[in-house]
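S.K.: predicted model and sequence below, questions to follow.
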Amino acid sequence: MSKPWHILAVVGVLALLAGMLLPALQRAREPGHHRPRCRSQLNQLAKGMATYLNELGDNRFYPWPAGRPGCGTVASPNFGGAEWLATLYWTRIIPDPGVYNCRSSPDSNEQGTELGSAGAPGGKPLSADAVSYAAFGHNSVGIYLCSKRGKGAAYAASNLAIRDEDIPPNEPMATDDTEGIINHGERDNGGMNVLFFDSHVEYWTNTRVDLETGVGQGDLCALRN
């Protein structure tokens, strides 16, 4: 026996609505699903940096291990935030390229190809997709010293090997990247992970930081991609 046309119409409308809503619901769930993963990856990067400073840097920031190529950037040999984190890949302290990409971003370092094996590939700055996180880059030291100690970039340029005790533990060290998309939710209800120098991670919502422009400003002024 055939079903009444109005029942078929209702079923059709429900199917159409389901097809429209399910992708939206999936996208809404993804930020919450990926956030713990990105938090864990930031923790891994912090532990890797502690190893790097202890084993290769004598607890000083930005020294490049002796006997290795430079950081790979010919046009600008100084470390940016992305290069700083990428040193953990170049020195094989964290050899998993997936750690450097947050799943809620469209970034891909092509299984490490975009990261390079011992410095940025081709002697060029790292691509924007190679590292999903903003971090405390070389030039940020000048910003930090200027804002916290009344000393500026000129001092930092002559004192690149800032000792780890020069940076307080409650200073932000890295965050989810804000380039391209907002990582964990929409602008008005999402948030971002912030990693500190003592290796703890906090989740900051839009009430604490502008999720699109916060990196490089305010409390996160020293962070760069």
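M.R.: Looks like it arrived, so ask away. Numbering: from 1, shown residues only.
S.K.: wait, Arg60 touches Asp164, no?
M.R.: Yes - assessed by C-beta atoms under 8 Å, Arg60 is found in contact with Asp164 at 7.4 Å. For every residue, glycine as well, the C-beta is placed using N, CA and C.
S.K.: need the overlap of contacts for those two.
M.R.: Common contact partners of Arg60 and Asp164 (C-beta atoms under 8 Å, 6 or more residues apart in numbering): Leu53.
S.K.: give me phi/psi at Pro172?
M.R.: Backbone torsions of Pro172, given as degrees, to the nearest 10, read phi -60, psi 140.
S.K.: so in terms of bridging, what pairs with it?
M.R.: Phe196 (DSSP bridges).
S.K.: distance of it relative to Asp58?
M.R.: Distance of Pro172 to Asp58, given as C-beta to C-beta, to the nearest Å: 24 Å.
S.K.: for these two, indicate the residue with more neighbours.
M.R.: Pro172 (22 against 11; other C-beta atoms under 10 Å).
S.K.: residue contacts, the more buried one?
M.R.: Contacts of Pro172 by C-beta under 8 Å, 6+ apart are 136, 194-197, 219-220, 222-223.
S.K.: then Arg163?
M.R.: Applying C-beta under 8 Å, 6+ apart to Arg163 gives the contacts 59-61.
S.K.: next one: Ala174
M.R.: 42, 45-46, 81, 85, 133-136, 194-195, 223.
S.K.: which of the three states applies to it?
M.R.: strand (DSSP: H, G, I helix; E, B strand; the rest coil).
S.K.: tell me the confidence at it?
M.R.: Per-residue pLDDT puts Ala174 at 93.
S.K.: check the gap between it and Asn189 for me.
M.R.: For Ala174, the distance to Asn189 - C-beta to C-beta - is 23 Å.
S.K.: if you rank the contacts of Pro172 by neighbours, which is first?
M.R.: Within those, most neighbours by other C-beta under 10 Å means Phe136, with 29 neighbours.
S.K.: show me where the protein has its helices.
M.R.: 5-55, 81-90, 138-149, 153-158 (DSSP state H).
S.K.: what residues of the second one count as buried?
M.R.: Just to be clear, that refers to helix 81-90. Residues of helix 81-90 classed as buried by neighbour count (16 or more other C-beta atoms under 10 Å): 81-90.
S.K.: quick check: angle from it to strand 172-176?
M.R.: 90 degrees (axes from the mean of the first three to the mean of the last three C-alpha atoms, to 10 degrees).
S.K.: can you list contacts of helix 81-90?
M.R.: Here helix 81-90 has contacts from 45, 48-49, 52, 62, 64, 68, 71-73, 79, 94-95, 97, 100, 112, 115-120, 125-126, 130-131, 133-138, 140, 174, 223-225, using C-beta under 8 Å, 6+ apart.
S.K.: quick revisit: tabulate the contacts of Ala174 (JSON lines), appending pLDDT.
M.R.: As requested, the contacts of Ala174 are exported to JSON lines (pLDDT from 0 to 100):
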{"residue": "Leu42", "pLDDT": "93"}
{"residue": "Leu45", "pLDDT": "94"}
{"residue": "Ala46", "pLDDT": "92"}
{"residue": "Gly81", "pLDDT": "85"}
{"residue": "Leu85", "pLDDT": "91"}
{"residue": "Tyr133", "pLDDT": "91"}
{"residue": "Ala134", "pLDDT": "90"}
{"residue": "Ala135", "pLDDT": "91"}
{"residue": "Phe136", "pLDDT": "85"}
{"residue": "Val194", "pLDDT": "93"}
{"residue": "Leu195", "pLDDT": "94"}
{"residue": "Leu223", "pLDDT": "88"}
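S.K.: cool, thanks, talk later.
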